[in-house]
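[1] Please find the sequence and the predicted model below.
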Amino acid sequence: MSEKVSINNLTIDALNLQEETVKTDEGELKKVSFDFKVTTEDYHDVTALLYKNDFIVKIPGKQLEFPAVIHNYSTSITNLYEAGAVGDFKLELIEQN
């Protein structure tokens, strides 16, 4: 089952959404991780957004909103410019303090 996650107003259908609290020297920070599919048509918009690495994350279903940066990121494919290609993205975002 997917859950809607908004990153800087880009809505993503997140799969395997996990939420946790991470203890750091600065205190406790929120962290979310999830998987999502990216099509050829969305590839440029998604990767351009991720390169900014400065986000407002909103998860309406959990009444959660916080500023974040990428903690970990991976993808199953490096060339989504091929017609019909779909990549599996994994993203972990941690609260920016």
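    Yes, it's here. On a predicted model such as this, the values are computed, not experimentally measured, just so you know. Residues are numbered from 1 along each chain as shown.
[2] burial measure for the residue lying closest to V57 once chain neighbours are set aside, as a count.
    Computed as C-beta to C-beta, 6 or more residues apart in numbering, the closest residue to V57 that is not its neighbour in sequence is A68, at 4.7 Å. Placement of C-beta: from N, CA and C, glycine included. Using other C-beta atoms under 10 Å, A68 has 22 neighbouring residues.
[3] Where does A68 sit, in terms of helix or strand?
    Element membership for A68, per DSSP states H and E: strand 64-75.
[4] Over to D13?
    Assigned by DSSP H and E, D13 falls in strand 10-24.
[5] which stretches of this protein have low pLDDT?
    By pLDDT under 70, the low-scoring segments of the chain are 78.
[6] Look up how far N97 lies from the residue sitting furthest away from the middle of the chain.
    Computed with C-alpha atoms, centre = their mean, the residue of the chain farthest from its C-alpha average is D25, at 24.1 Å. Distance, D25 to N97, by C-beta to C-beta, to the nearest Å: 10 Å.
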